[in-house]
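S.K.: Give me a 3D structure for the following:
(one chain, ligands or ions: 1)
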Amino acid sequence: MISIEHLSKVYQSKNRQITGVDDVSLQVEKGEIYGVVGYSGAGKSTLLRCMNILERPTSGKVNIDGIDLLSLSSKDLRRARQSIGMIFQGFHLTMAKTVLENVAFALKASGVGRSERKERTLQLLELVGLSDKADQYPAQLSGGQKQRVSIARALANNPKVLLCDEATSALDPNTTQSILKLLKKINRELGLTIVLITHEMEVVKEICDRCAVMEEGRIVEQGNTYDIFAAPENPLTKQFIQTVIDFNIPEELMENNKGTIVHMKFTGNLAREAVVSDLLQNHQVRGNILHGKVDYIQGHALGTFVMELTGEESEVQQAIARLREKLGEVEVLRDVGTVHHDIARAE
Ligand SMILES: Nc1ncnc2c1ncn2[C@@H]1O[C@H](COP(=O)(O)OP(=O)(O)OP(=O)(O)O)[C@@H](O)[C@H]1O
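M.R.: Residues are numbered from 1 along each chain as shown. You can find the predicted model right below:
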(Lines give C-alpha, C1' and ligand atoms only; values in the text may rest on other atoms or scores of the structure.)
Protein backbone atom coordinates (compact mmCIF):
# COMPACT_ATOMS: atom_id res chain seq x y z
CA MET A 1 0.00 0.00 0.00
CA ILE A 2 2.80 2.42 0.92
CA SER A 3 6.27 2.12 -0.49
CA ILE A 4 9.00 4.57 0.52
CA GLU A 5 12.32 4.15 -1.21
CA HIS A 6 15.57 5.86 -0.29
CA LEU A 7 13.74 8.93 0.91
CA SER A 8 15.81 11.87 2.11
CA LYS A 9 14.83 15.37 3.15
CA VAL A 10 17.51 18.00 3.56
CA TYR A 11 16.60 21.46 4.86
CA GLN A 12 18.67 24.38 3.71
CA SER A 13 19.02 26.95 6.45
CA LYS A 14 21.09 30.13 6.21
CA ASN A 15 24.56 28.69 6.32
CA ARG A 16 24.10 24.97 6.74
CA GLN A 17 22.11 21.96 5.70
CA ILE A 18 19.97 19.97 8.14
CA THR A 19 19.09 16.40 7.25
CA GLY A 20 15.59 15.65 8.54
CA VAL A 21 15.26 12.21 6.91
CA ASP A 22 18.26 10.27 5.70
CA ASP A 23 17.82 7.50 3.12
CA VAL A 24 14.73 5.83 4.59
CA SER A 25 13.07 2.86 2.89
CA LEU A 26 9.97 1.14 4.22
CA GLN A 27 6.94 -0.77 3.03
CA VAL A 28 3.53 -0.70 4.70
CA GLU A 29 1.10 -3.44 3.72
CA LYS A 30 -2.59 -2.84 3.07
CA GLY A 31 -4.67 -2.96 6.28
CA GLU A 32 -1.64 -2.79 8.53
CA ILE A 33 -0.96 -0.45 11.47
CA TYR A 34 2.64 0.67 11.18
CA GLY A 35 4.38 2.67 13.92
CA VAL A 36 7.46 4.86 13.71
CA VAL A 37 8.99 5.57 17.10
CA GLY A 38 11.86 7.89 17.98
CA TYR A 39 12.92 10.71 20.25
CA SER A 40 12.30 14.35 19.44
CA GLY A 41 14.23 15.44 16.36
CA ALA A 42 14.62 11.89 15.01
CA GLY A 43 12.82 12.85 11.80
CA LYS A 44 9.43 11.18 12.37
CA SER A 45 7.24 14.18 11.48
CA THR A 46 9.34 14.96 8.44
CA LEU A 47 9.03 11.36 7.24
CA LEU A 48 5.26 11.35 7.80
CA ARG A 49 4.81 14.70 6.04
CA CYS A 50 6.84 13.39 3.10
CA MET A 51 4.34 10.51 2.78
CA ASN A 52 1.59 12.85 1.59
CA ILE A 53 4.02 15.41 0.14
CA LEU A 54 3.11 18.10 2.66
CA GLU A 55 6.90 18.17 2.65
CA ARG A 56 8.59 17.53 -0.71
CA PRO A 57 11.43 14.99 -0.32
CA THR A 58 14.86 16.04 -1.55
CA SER A 59 15.30 12.59 -3.10
CA GLY A 60 13.67 9.16 -3.11
CA LYS A 61 10.28 7.74 -4.03
CA VAL A 62 6.85 7.79 -2.39
CA ASN A 63 4.29 5.39 -3.79
CA ILE A 64 0.82 5.06 -2.26
CA ASP A 65 -1.67 2.54 -3.58
CA GLY A 66 0.26 2.23 -6.84
CA ILE A 67 0.59 5.99 -7.43
CA ASP A 68 3.98 7.64 -7.62
CA LEU A 69 3.07 10.82 -5.71
CA LEU A 70 6.16 12.76 -6.73
CA SER A 71 5.30 12.47 -10.41
CA LEU A 72 1.87 14.14 -10.02
CA SER A 73 0.85 17.67 -11.01
CA SER A 74 -0.42 19.82 -8.09
CA LYS A 75 -4.02 19.21 -9.18
CA ASP A 76 -3.56 15.42 -9.31
CA LEU A 77 -1.68 15.51 -6.03
CA ARG A 78 -4.62 17.32 -4.38
CA ARG A 79 -6.92 14.57 -5.64
CA ALA A 80 -4.55 11.79 -4.52
CA ARG A 81 -4.37 13.37 -1.06
CA GLN A 82 -8.09 12.75 -0.61
CA SER A 83 -7.24 9.09 -0.13
CA ILE A 84 -4.69 9.98 2.56
CA GLY A 85 -6.26 11.27 5.79
CA MET A 86 -4.16 12.88 8.49
CA ILE A 87 -4.61 13.64 12.18
CA PHE A 88 -2.36 15.73 14.43
CA GLN A 89 -1.34 16.06 18.06
CA GLY A 90 -2.97 19.52 18.21
CA PHE A 91 -6.22 18.38 16.45
CA HIS A 92 -6.26 21.38 13.99
CA LEU A 93 -10.03 21.93 14.33
CA THR A 94 -11.77 25.14 13.31
CA MET A 95 -12.87 26.65 16.62
CA ALA A 96 -15.66 28.77 15.13
CA LYS A 97 -17.39 25.75 13.57
CA THR A 98 -19.47 23.12 15.36
CA VAL A 99 -18.39 19.47 15.46
CA LEU A 100 -20.79 18.72 12.60
CA GLU A 101 -19.52 21.65 10.52
CA ASN A 102 -15.88 20.69 11.10
CA VAL A 103 -16.48 17.23 9.68
CA ALA A 104 -18.89 18.34 6.94
CA PHE A 105 -16.40 20.93 5.73
CA ALA A 106 -14.03 18.20 4.54
CA LEU A 107 -16.87 16.80 2.42
CA LYS A 108 -17.86 20.22 1.10
CA ALA A 109 -14.27 20.82 0.03
CA SER A 110 -14.41 17.67 -2.08
CA GLY A 111 -17.71 18.66 -3.72
CA VAL A 112 -20.20 16.44 -1.86
CA GLY A 113 -23.79 17.85 -1.95
CA ARG A 114 -25.58 19.24 1.13
CA SER A 115 -27.95 16.37 2.01
CA GLU A 116 -25.34 13.66 1.42
CA ARG A 117 -22.92 15.72 3.49
CA LYS A 118 -25.21 15.76 6.48
CA GLU A 119 -26.01 12.06 6.28
CA ARG A 120 -22.35 11.07 5.92
CA THR A 121 -21.26 13.41 8.72
CA LEU A 122 -23.78 11.91 11.12
CA GLN A 123 -22.57 8.41 10.20
CA LEU A 124 -18.98 9.46 10.87
CA LEU A 125 -19.87 11.02 14.23
CA GLU A 126 -21.60 7.80 15.19
CA LEU A 127 -18.53 5.80 14.17
CA VAL A 128 -16.30 7.87 16.48
CA GLY A 129 -18.87 7.89 19.32
CA LEU A 130 -19.80 11.58 19.17
CA SER A 131 -23.40 11.57 17.87
CA ASP A 132 -24.50 13.62 20.87
CA LYS A 133 -21.89 16.35 20.32
CA ALA A 134 -22.78 17.35 16.75
CA ASP A 135 -23.85 20.89 17.68
CA GLN A 136 -21.11 21.64 20.20
CA TYR A 137 -18.01 23.71 19.52
CA PRO A 138 -14.45 22.34 19.92
CA ALA A 139 -13.90 24.53 23.00
CA GLN A 140 -16.68 22.58 24.73
CA LEU A 141 -14.95 19.24 24.17
CA SER A 142 -12.24 17.30 26.01
CA GLY A 143 -8.94 16.52 24.27
CA GLY A 144 -10.06 12.97 23.50
CA GLN A 145 -13.35 14.19 22.02
CA LYS A 146 -11.49 16.74 19.87
CA GLN A 147 -9.26 13.99 18.54
CA ARG A 148 -12.39 11.94 17.74
CA VAL A 149 -13.72 14.88 15.71
CA SER A 150 -10.46 15.13 13.81
CA ILE A 151 -10.55 11.38 13.14
CA ALA A 152 -14.12 11.70 11.78
CA ARG A 153 -12.98 14.60 9.59
CA ALA A 154 -9.96 12.64 8.34
CA LEU A 155 -12.24 9.73 7.39
CA ALA A 156 -14.78 11.92 5.58
CA ASN A 157 -13.51 11.22 2.08
CA ASN A 158 -13.04 7.48 2.59
CA PRO A 159 -9.26 7.52 2.66
CA LYS A 160 -7.26 4.35 2.17
CA VAL A 161 -4.49 5.54 4.42
CA LEU A 162 -4.54 7.44 7.71
CA LEU A 163 -1.38 9.23 8.85
CA CYS A 164 -1.29 9.99 12.58
CA ASP A 165 1.19 12.62 13.79
CA GLU A 166 1.62 12.04 17.55
CA ALA A 167 -2.17 11.67 17.75
CA THR A 168 -2.23 10.69 21.42
CA SER A 169 0.73 12.67 22.76
CA ALA A 170 -1.45 15.45 24.20
CA LEU A 171 -3.82 13.01 25.93
CA ASP A 172 -3.85 11.37 29.35
CA PRO A 173 -3.26 7.58 29.55
CA ASN A 174 -6.96 6.60 29.71
CA THR A 175 -7.93 8.85 26.82
CA THR A 176 -4.91 7.59 24.88
CA GLN A 177 -6.21 4.05 25.33
CA SER A 178 -9.67 5.00 24.08
CA ILE A 179 -8.27 6.76 20.99
CA LEU A 180 -5.99 3.79 20.24
CA LYS A 181 -9.01 1.49 20.52
CA LEU A 182 -10.88 3.71 18.08
CA LEU A 183 -7.97 3.65 15.62
CA LYS A 184 -7.85 -0.12 15.86
CA LYS A 185 -11.60 -0.32 15.31
CA ILE A 186 -11.49 1.78 12.13
CA ASN A 187 -8.45 -0.14 10.96
CA ARG A 188 -10.34 -3.44 11.30
CA GLU A 189 -13.81 -2.29 10.23
CA LEU A 190 -12.81 -0.08 7.32
CA GLY A 191 -9.64 -1.95 6.32
CA LEU A 192 -7.79 1.34 6.68
CA THR A 193 -3.99 1.30 6.53
CA ILE A 194 -2.58 3.40 9.38
CA VAL A 195 0.88 4.89 9.84
CA LEU A 196 1.48 6.53 13.18
CA ILE A 197 4.46 8.32 14.61
CA THR A 198 5.03 8.47 18.34
CA HIS A 199 7.70 8.85 20.99
CA GLU A 200 5.86 6.33 23.19
CA MET A 201 6.74 2.65 22.80
CA GLU A 202 3.56 1.85 24.76
CA VAL A 203 1.51 3.12 21.79
CA VAL A 204 3.47 0.84 19.45
CA LYS A 205 2.93 -2.08 21.80
CA GLU A 206 -0.82 -1.44 21.98
CA ILE A 207 -1.74 -1.29 18.31
CA CYS A 208 1.08 -1.59 15.79
CA ASP A 209 1.47 -4.73 13.69
CA ARG A 210 4.94 -3.62 12.62
CA CYS A 211 7.18 -0.75 13.59
CA ALA A 212 10.39 1.11 12.87
CA VAL A 213 12.75 2.89 15.26
CA MET A 214 14.24 6.17 14.02
CA GLU A 215 17.35 8.05 15.10
CA GLU A 216 19.02 11.02 13.38
CA GLY A 217 16.84 10.70 10.30
CA ARG A 218 17.53 7.01 9.79
CA ILE A 219 15.64 3.83 10.55
CA VAL A 220 17.87 1.85 12.89
CA GLU A 221 15.58 -1.18 13.24
CA GLN A 222 12.26 -2.31 11.82
CA GLY A 223 10.12 -5.42 11.93
CA ASN A 224 7.13 -7.17 13.40
CA THR A 225 6.23 -5.51 16.74
CA TYR A 226 6.32 -8.76 18.70
CA ASP A 227 9.74 -9.72 17.31
CA ILE A 228 11.10 -6.26 18.05
CA PHE A 229 9.92 -6.51 21.66
CA ALA A 230 11.14 -10.09 22.04
CA ALA A 231 14.59 -9.61 20.52
CA PRO A 232 15.55 -5.96 20.00
CA GLU A 233 18.98 -5.54 18.43
CA ASN A 234 19.70 -1.84 18.36
CA PRO A 235 20.63 -0.15 21.69
CA LEU A 236 18.03 2.59 21.05
CA THR A 237 15.30 0.00 20.45
CA LYS A 238 16.31 -1.68 23.72
CA GLN A 239 16.01 1.67 25.49
CA PHE A 240 12.51 2.23 24.11
CA ILE A 241 11.42 -1.26 25.09
CA GLN A 242 12.71 -0.74 28.58
CA THR A 243 10.25 2.14 28.94
CA VAL A 244 7.45 -0.45 28.63
CA ILE A 245 8.99 -3.64 29.95
CA ASP A 246 11.04 -2.40 32.85
CA PHE A 247 13.13 -5.00 34.65
CA ASN A 248 15.60 -2.79 36.49
CA ILE A 249 16.06 -4.26 39.92
CA PRO A 250 16.41 -1.74 42.76
CA GLU A 251 20.01 -1.52 44.00
CA GLU A 252 19.11 -2.51 47.59
CA LEU A 253 17.64 -5.74 46.25
CA MET A 254 20.80 -6.42 44.23
CA GLU A 255 22.89 -5.78 47.34
CA ASN A 256 20.77 -7.89 49.68
CA ASN A 257 20.55 -10.87 47.35
CA LYS A 258 23.93 -12.52 47.02
CA GLY A 259 23.18 -15.15 44.37
CA THR A 260 23.60 -15.14 40.60
CA ILE A 261 20.94 -12.97 38.96
CA VAL A 262 19.59 -13.93 35.55
CA HIS A 263 17.18 -12.17 33.20
CA MET A 264 15.05 -14.47 31.07
CA LYS A 265 12.56 -13.86 28.32
CA PHE A 266 9.81 -16.29 27.49
CA THR A 267 8.39 -15.96 24.03
CA GLY A 268 5.50 -17.69 22.28
CA ASN A 269 4.36 -20.98 23.87
CA LEU A 270 7.29 -20.94 26.27
CA ALA A 271 5.57 -18.07 28.08
CA ARG A 272 3.06 -20.62 29.30
CA GLU A 273 5.44 -23.51 29.97
CA ALA A 274 6.64 -24.37 33.45
CA VAL A 275 10.32 -23.74 32.57
CA VAL A 276 11.22 -22.37 35.99
CA SER A 277 9.65 -25.11 38.11
CA ASP A 278 11.23 -27.78 35.84
CA LEU A 279 14.58 -26.11 36.35
CA LEU A 280 14.26 -26.07 40.12
CA GLN A 281 13.23 -29.72 40.19
CA ASN A 282 16.07 -30.90 37.96
CA HIS A 283 18.99 -28.88 39.36
CA GLN A 284 20.33 -28.45 42.87
CA VAL A 285 19.64 -24.72 42.93
CA ARG A 286 17.21 -22.44 44.70
CA GLY A 287 15.37 -19.79 42.73
CA ASN A 288 14.04 -16.52 44.01
CA ILE A 289 11.96 -14.46 41.58
CA LEU A 290 12.89 -10.76 41.86
CA HIS A 291 10.74 -9.55 38.99
CA GLY A 292 8.16 -11.21 36.79
CA LYS A 293 5.72 -9.92 34.18
CA VAL A 294 3.86 -11.21 31.16
CA ASP A 295 3.01 -8.64 28.48
CA TYR A 296 0.64 -9.31 25.62
CA ILE A 297 1.76 -7.87 22.28
CA GLN A 298 -0.51 -8.38 19.31
CA GLY A 299 -2.23 -11.08 21.37
CA HIS A 300 0.99 -13.03 21.99
CA ALA A 301 2.55 -13.47 25.40
CA LEU A 302 6.02 -12.16 26.19
CA GLY A 303 7.25 -13.04 29.67
CA THR A 304 10.14 -11.26 31.41
CA PHE A 305 11.58 -12.72 34.60
CA VAL A 306 14.53 -11.82 36.76
CA MET A 307 15.56 -14.60 39.12
CA GLU A 308 18.25 -15.08 41.73
CA LEU A 309 19.85 -18.52 41.63
CA THR A 310 21.77 -19.83 44.63
CA GLY A 311 23.61 -23.10 45.21
CA GLU A 312 26.94 -24.69 44.29
CA GLU A 313 28.54 -22.61 41.54
CA SER A 314 28.77 -25.57 39.15
CA GLU A 315 25.06 -26.37 39.69
CA VAL A 316 24.14 -22.72 39.06
CA GLN A 317 26.19 -22.73 35.83
CA GLN A 318 24.51 -25.97 34.70
CA ALA A 319 21.10 -24.48 35.48
CA ILE A 320 21.94 -21.40 33.36
CA ALA A 321 23.15 -23.62 30.52
CA ARG A 322 19.85 -25.53 30.69
CA LEU A 323 17.88 -22.25 30.63
CA ARG A 324 19.85 -21.14 27.57
CA GLU A 325 19.07 -24.44 25.83
CA LYS A 326 15.39 -23.91 26.51
CA LEU A 327 15.03 -20.13 26.07
CA GLY A 328 17.90 -19.02 23.85
CA GLU A 329 19.27 -15.80 25.24
CA VAL A 330 19.59 -15.60 29.04
CA GLU A 331 21.35 -12.54 30.35
CA VAL A 332 23.37 -12.87 33.55
CA LEU A 333 22.85 -9.56 35.37
CA ARG A 334 25.20 -10.56 38.17
CA ASP A 335 27.53 -13.50 38.05
CA VAL A 336 28.54 -14.68 41.53
CA GLY A 337 31.74 -16.17 40.07
CA THR A 338 32.70 -12.68 38.88
CA VAL A 339 31.66 -11.09 42.18
CA HIS A 340 33.93 -13.51 44.12
CA HIS A 341 36.71 -12.79 41.68
CA ASP A 342 36.26 -9.01 42.10
CA ILE A 343 36.23 -9.29 45.92
CA ALA A 344 39.39 -11.39 45.86
CA ARG A 345 41.07 -8.83 43.61
CA ALA A 346 40.02 -5.94 45.89
CA GLU A 347 41.50 -7.78 48.89
N1 LIG B 1 11.24 23.26 8.34
C2 LIG B 1 12.41 22.87 8.82
N3 LIG B 1 13.53 23.60 8.60
C4 LIG B 1 14.73 23.20 9.06
N5 LIG B 1 14.92 22.07 9.80
C6 LIG B 1 13.85 21.31 10.05
C7 LIG B 1 12.54 21.67 9.59
N8 LIG B 1 11.66 20.72 10.00
C9 LIG B 1 12.39 19.80 10.70
N10 LIG B 1 13.70 20.17 10.72
C11 LIG B 1 14.80 19.42 11.37
O12 LIG B 1 14.75 18.07 10.93
C13 LIG B 1 15.03 17.18 12.02
C14 LIG B 1 13.87 16.21 12.21
O15 LIG B 1 12.74 16.94 12.72
P16 LIG B 1 11.30 16.26 12.92
O17 LIG B 1 10.36 17.32 13.38
O18 LIG B 1 10.96 15.48 11.72
O19 LIG B 1 11.63 15.25 14.12
P20 LIG B 1 10.60 14.47 15.02
O21 LIG B 1 11.20 13.13 15.26
O22 LIG B 1 9.26 14.51 14.42
O23 LIG B 1 10.64 15.31 16.35
P24 LIG B 1 9.40 15.96 17.17
O25 LIG B 1 8.68 14.81 17.78
O26 LIG B 1 10.08 16.83 18.19
O27 LIG B 1 8.63 16.73 16.16
C28 LIG B 1 15.32 18.07 13.21
O29 LIG B 1 16.71 18.25 13.32
C30 LIG B 1 14.63 19.37 12.88
O31 LIG B 1 15.26 20.44 13.50
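S.K.: For the longest helix along the chain, give me every contacting residue.
M.R.: In the chain, with assignment by DSSP state H, the single longest helix is helix 173-190. Helix 173-190 is contacted by residues 31, 33, 127-129, 142-144, 147-148, 151, 155, 162, 164, 167-168, 171, 192-194, 196, 203, 206-207 when judged by C-beta atoms under 8 Å, 6 or more residues apart in numbering. Quick note: C-beta positions are derived from backbone N, CA and C, even for glycine.
S.K.: List the strands paired with the very next helix or strand once past it, with their directions.
M.R.: Going down the chain from helix 173-190, the next helix or strand is strand 193-198, by DSSP states H and E. Using DSSP bridges, strand 193-198 pairs in its sheet with strand 33-37 (parallel), strand 161-165 (parallel).
S.K.: Ok, which of these comes nearest residue 268?
M.R.: Proximity to residue 268 (C-beta to C-beta) singles out strand 33-37 among these, at 21.4 Å.
S.K.: where's the residue nearest in space to the middle of the chain, which helix or strand?
M.R.: Among the residues of the chain, the one closest to the centroid is residue 204, at 2.0 Å (C-alpha atoms, centre = their mean). Taking DSSP H and E as the definition, residue 204 sits inside helix 201-207.
S.K.: quick one: average pLDDT of that helix?
M.R.: Here helix 201-207 scores 94 as its mean pLDDT.
S.K.: quick one on the thing from earlier: neighbours around the residue lying closest to the residue nearest to the centre of the chain once chain neighbours are set aside, how many?
M.R.: Distances taken as C-beta to C-beta, 6 or more residues apart in numbering place residue 35 nearest to residue 204, at 4.2 Å, with adjacent residues excluded. Residue 35 has 27 neighbours, counted by other C-beta atoms under 10 Å.
S.K.: The ligand versus the nearest residue to residue 141 once chain neighbours are set aside, what's the distance?
M.R.: Distances taken as C-beta to C-beta, 6+ apart place residue 133 nearest to residue 141, at 6.5 Å, with adjacent residues excluded. Distance, residue 133 to the ligand, by C-beta to the nearest ligand atom, to the nearest Å: 29 Å.
S.K.: Can you give the domain ranges for the chain?
M.R.: If you go by the TED database, the domain ranges for the chain are 2-237, 254-334.
S.K.: Looking at those, which one is packed in the most?
M.R.: Neighbour counts (mean count of other C-beta atoms under 10 Å) averaged over each of these peak at domain 2-237, with a mean of 18.
S.K.: what distance separates the start and the end of it?
M.R.: 23 Å (C-alpha to C-alpha, to the nearest Å).
S.K.: same thing with stretch 207-218?
M.R.: Across stretch 207-218, the terminal residues are separated by 23 Å (C-alpha to C-alpha).
S.K.: That one near the ligand anywhere?
M.R.: No: Stretch 207-218 lies out of reach of the ligand by C-beta under 6 Å from any ligand atom, never closer than 6.6 Å.
S.K.: what does the stretch 1-150 of the chain have sitting close to the ligand?
M.R.: Going by C-beta under 6 Å from any ligand atom, the residues of the stretch 1-150 of the chain near the ligand are 11, 13, 18, 20, 38, 40-46.
S.K.: if we can go back for a sec, contacts for the helix holding residue 204?
M.R.: With C-beta under 8 Å, 6+ apart, helix 201-207 has contacts from 33, 35, 37, 168, 176-177, 180, 183-184, 187, 196, 198, 211, 225, 229, 240-241, 243-244, 295, 297.
S.K.: at 7 Å what do you get?
M.R.: Contacts with helix 201-207, where a contact means C-beta atoms under 7 Å, 6 or more residues apart in numbering, come from 33, 35, 37, 168, 180, 183-184, 198, 211, 225, 229, 240-241, 243-244, 297.
S.K.: Model confidence for the residue nearest to residue 204, exactly?
M.R.: 97.
S.K.: circling back: can you tell me which of the residues of the stretch 1-150 of the chain next to the ligand end up in strands?
M.R.: Among these, the ones falling in strands (DSSP state E) are 11, 13, 18, 20.
S.K.: helices or strands next to the one helix or strand residue 325 maps to in the packing?
M.R.: Using DSSP H and E, residue 325 sits in helix 313-327. When contacts are defined as 3 or more C-beta pairs under 7 Å, 6 or more residues apart in numbering; DSSP states H and E, helix 313-327 packs onto strand 260-267, helix 275-282, strand 330-334.
S.K.: Next secondary structure after the second one?
M.R.: Sequence-wise, the next helix or strand beyond helix 275-282 is strand 286-297, with elements assigned using DSSP H and E.
S.K.: ok, that next one: who's next to it in the sheet?
M.R.: In its sheet, strand 286-297 lies beside strand 300-310 (antiparallel), with partners assigned from DSSP bridges.
S.K.: Please state the mean pLDDT value computed over the partner strand.
M.R.: Here strand 300-310 scores 87 as its mean pLDDT.
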